[in-house]
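Q: the sequence and its predicted three-dimensional model are supplied below.
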Amino acid sequence: MKGIGTRLKEERKRLGLSQTELGAVGGIEPNSQGLYERGHRFPNATYLSAIADSGVDILYVVTGVKKVQASDGISAIESKVLYELDGLPKDVQADIKQLITTLFKAD
């Protein structure tokens, strides 16, 4: 099972940030960022709050549950559908995505 450090590293890489860059956003030294990512130390709430402002999915980092980020163009029901889809097993997600792709090709 992935720990907080592994998920933190995933989020940093997703955002295209170096350890130095994310550490600066969170107000910590780069070596502290590395310690967090290796699971040798755990981030505090001040750090987590600061990096959340840069786009890090804090819910995912702390709990392992990804949130769906709704944009202005996505309705509440569309956001709910995406959230529920994200919670399904990967093979079921793949089947649903294939079905949707097939339906759109039929138009």
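A: Okay, I see it.

Q: show me what the helix or strand bottoming out on mean pLDDT in the chain is packed against.
A: Using mean pLDDT, DSSP states H and E, the weakest-scoring helix or strand in the chain turns out to be helix 76-86, at a mean of 80. With contacts taken as 3 or more C-beta pairs under 8 Å, 6 or more residues apart in numbering; DSSP states H and E, helix 76-86 sits against helix 90-105. For every residue, glycine as well, the C-beta is placed using N, CA and C.

Q: what's the angle from the helix it packs on to helix 76-86?
A: Between helix 90-105 and helix 76-86, the angle comes out at 130 degrees (axes from the mean of the first three to the mean of the last three C-alpha atoms, to 10 degrees).

Q: which residues does helix 90-105 contact?
A: Outside of helix 90-105, the residues within contact range by C-beta atoms under 8 Å, 6 or more residues apart in numbering are 85, 86, 88.

Q: return the members of the residues you listed classed as buried.
A: Among the contacts of helix 90-105, not one counts as buried by 16 or more other C-beta atoms under 10 Å.

Q: let me know the closest of the residues you listed to residue 6.
A: Checking the contacts of helix 90-105 against residue 6 with C-beta to C-beta, the nearest one is residue 86 at 18.3 Å.

Q: domains for the protein, by residue range?
A: As assigned by automatic domain parsing, the chain contains the domains 4-63, 76-105.

Q: tell me the buried residues in stretch 35-45?
A: 35, 36, 37, 43.

Q: run through the helices of the protein in chain order.
A: 4-14, 19-26, 30-37, 45-52, 58-63, 76-86, 90-105 (DSSP state H).
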